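Peer 1: Predicted structure and sequence below. I'll ask about it afterward.
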Amino acid sequence: MKVELRQNERMDDLHRNGYQIIQNPEKFCFGIDAVLLSGFVHVKSGAKVLDLGTGTGIIPILVEAKTDAGHISALELQEESVDMARRSVMLNNLEEKISIVQGDIKEASHIFEGASFDVVTTNPPYMIGKHGLVNPDLPKAIARHEIYCTLDDVVRESARLLKMSGKFFMVHRPYRLVEIINTLSKYKLEAKRIRFVHPYQDKEPNMVLIEAVKGGKSRVTIEPPLVVYEDVNVYTKEILEIYGYE
């Protein structure tokens, strides 16, 4: 379907099923963290999925391309991002598979029916309050800093919306891992898989991928590290596969 591009917007190829996404580099574009999360997610055929803080809809579109999910809902606060996400869904003829809803993560369990999702995904803001430089451009700042929602908000609402034994998938920063595990446990989400993402093989991780299960038993698997670059600006084979280049 042909859709209208607004000022400063562009269409980017996602290398999956011929899908494209509308982005505005003046505001916020998706990063590698969203792509890696989409490659980490396990979704059973027909599953009902929710993405919290979807931005321009990158995770729902990639999850739809990579899995047999039944239906994917996506919640986003910022009106501009919601508009881009909805037009990207139309652009890819995915209106029957993906629903973009405008709303606050803190109110997610009031917007959607409780205990109704098999899977919840999220790429939440990483920075606490004023940790790091707060971007003067509000859309980017909201995406990166806990301005409108905290880690606790994201985990609490996810737990309320997941069915028992439902799965929660998140990408975050390793320096907050202890806090993440404690918060998951607080809301009866048990970490089951953890994978650290390293920029280079000899560098410490700068991202962590986490899968947790609602009401799960205490047992976690630390998966082999995921290395992004094998040389300067040269992706490893696994990263190329996740992106769909191979």
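Peer 2: Thanks, I have it.

Peer 1: Point out where this structure drops to low pLDDT.
Peer 2: Applying pLDDT under 70 to the chain flags the ranges 126-147, 246.

Peer 1: by contact count, what packs against the strand or helix carrying Met170?
Peer 2: Applying DSSP states H and E as the criterion places Met170 in strand 162-172. The contact analysis (3 or more C-beta pairs under 8 Å, 6 or more residues apart in numbering; DSSP states H and E) places strand 162-172 against helix 32-40, strand 117-122, helix 151-161, helix 177-186, strand 207-214. Placement of C-beta: from N, CA and C, glycine included.

Peer 1: Make CSV from these and add mean neighbour count to it.
Peer 2: Formatted as CSV, the helices and strands packed on strand 162-172 follow (neighbours: other C-beta atoms under 10 Å):
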stretch, mean neighbour count
helix 32-40, 21
strand 117-122, 25
helix 151-161, 22
helix 177-186, 15
strand 207-214, 22
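
Peer 1: Looking at those, which is nearest to Leu50?
Peer 2: Closest approach to Leu50 among the helices and strands packed on strand 162-172 is made by strand 117-122 (4.6 Å; C-beta to C-beta).

Peer 1: what lines up beside that closest one in the sheet?
Peer 2: Paired strands of strand 117-122, with direction, are strand 48-52 (parallel), strand 162-172 (parallel) (DSSP bridges).

Peer 1: For Tyr200, which of those is the nearest?
Peer 2: Closest among these, using C-beta to C-beta: strand 162-172, at 18.5 Å.

Peer 1: Compare the strands paired with strand 117-122 and give me the one nearest Val208.
Peer 2: With C-beta to C-beta as the measure, strand 162-172 is the member of these nearest Val208 (5.7 Å).

Peer 1: Pull out the buried positions in the closest one.
Peer 2: Buried residues in strand 162-172, counting neighbours by 16 or more other C-beta atoms under 10 Å, are found at 162-163, 166-172.

Peer 1: That strand relative to helix 32-40, how many degrees between them?
Peer 2: Taking axes from the mean of the first three to the mean of the last three C-alpha atoms, to 10 degrees, strand 162-172 and helix 32-40 form an angle of 140 degrees between their directions.

Peer 1: which residues touch strand 162-172?
Peer 2: Strand 162-172 has contacts (C-beta atoms under 8 Å, 6 or more residues apart in numbering) with 33-34, 36-37, 40-42, 115-124, 126, 151, 154-155, 158-159, 180, 184, 189, 207-216.
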